[in-house]
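Novice: the following comprises the amino acid sequence and a computationally predicted model.
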Amino acid sequence: MRGSRERQRARRFEALVRPHLDALYRLAYRYTQSVEDAEDAVQELLTRLYPRTEELAGIEQLRPWLARVLRNQLTDSHRRQGRDPMGHLRVVVEDAEADHALERMRSETPTPDEAHGQSILRERLEAALAVLSAEHREVIVLHDVEGYTLTELTVVIGVPVGTLKSRLHRARDHLRRVLGMEPFGTD
């Protein structure tokens, strides 16, 4: 009987967290810049949360809640190691992400000149993101790259919507100035 309940609990836990695993791995990778460290961080998170399966079932916005717990775990880990907690937030615009965004904008294959231009733009964007403050970089990456809503980010980062809007506006404004471009992204 006990084994049956444990299997049910395991299935319930898996059903709750499986839809969010890719997002958690991406987030962990952005903070750790290491596949192995990201996998370890997510595994540690899942191990810590498994005993709280019933509590997880009652959380309305589970994705941002999980992201916040992971973010806090990674921040604590960096602090214990004497490193800047957000200093390693991955700012590289992954080729797959860039390709996906470009594919949505147009369906034809880019010419070699267009591909080269996209590569240069990607490098410029990475450099521009690198000069942002950690707070601004974090909100840009989580909102504009990972797709978290401002409401979800209030849970993930733990600051009010107004503060997030201000950070997002300032970060985008700084990126526009650095890149010499027109505005991109919308709230």
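Specialist: Looks like it arrived, so ask away.

Novice: could you chop this structure up by domain?
Specialist: According to automatic domain parsing, the chain comprises the domains 2-80, 95-179.

Novice: now do the longest one: distance to the chain's middle.
Specialist: What that stands for is domain 95-179. Counting by C-alpha atoms, centre = their mean, to the nearest Å, domain 95-179 is centred 11 Å from the centre of its parent chain.

Novice: any idea of the mean pLDDT in that domain?
Specialist: Mean pLDDT, computed over domain 95-179, is 79.

Novice: which residues in this protein form helices?
Specialist: Remark: helices assigned in the chain by DSSP state H are 2-17, 21-32, 35-49, 53-57, 62-80, 95-105, 112-130, 134-140, 150-157, 161-179.

Novice: sorry, back to before: in JSON lines: the domains of the chain, plus mean neighbour count.
Specialist: Backbone N, C-alpha and C define where each C-beta goes, glycine included. Below are the domains of the chain laid out as JSON lines (neighbours: other C-beta atoms under 10 Å):
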{"stretch": "domain 2-80", "mean neighbour count": "15"}
{"stretch": "domain 95-179", "mean neighbour count": "15"}
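
Novice: show the average pLDDT along stretch 17-31.
Specialist: Averaged over stretch 17-31, pLDDT sits at 90.

Novice: what's next to that stretch, contact-wise?
Specialist: Residues outside stretch 17-31 that contact it (C-beta atoms under 8 Å, 6 or more residues apart in numbering) are 35, 37-39, 41-42, 45-46, 49, 56, 62-63, 66-67, 70-71, 74, 78, 86, 88-91, 141-142, 146.

Novice: ok, now how distant is the one residue sitting closest to the centre of the chain from residue 113?
Specialist: With distances taken as C-alpha atoms, centre = their mean, the residue of the chain nearest its centroid is residue 27 (3.9 Å). Distance, residue 27 to residue 113, by C-beta to C-beta, to the nearest Å: 35 Å.
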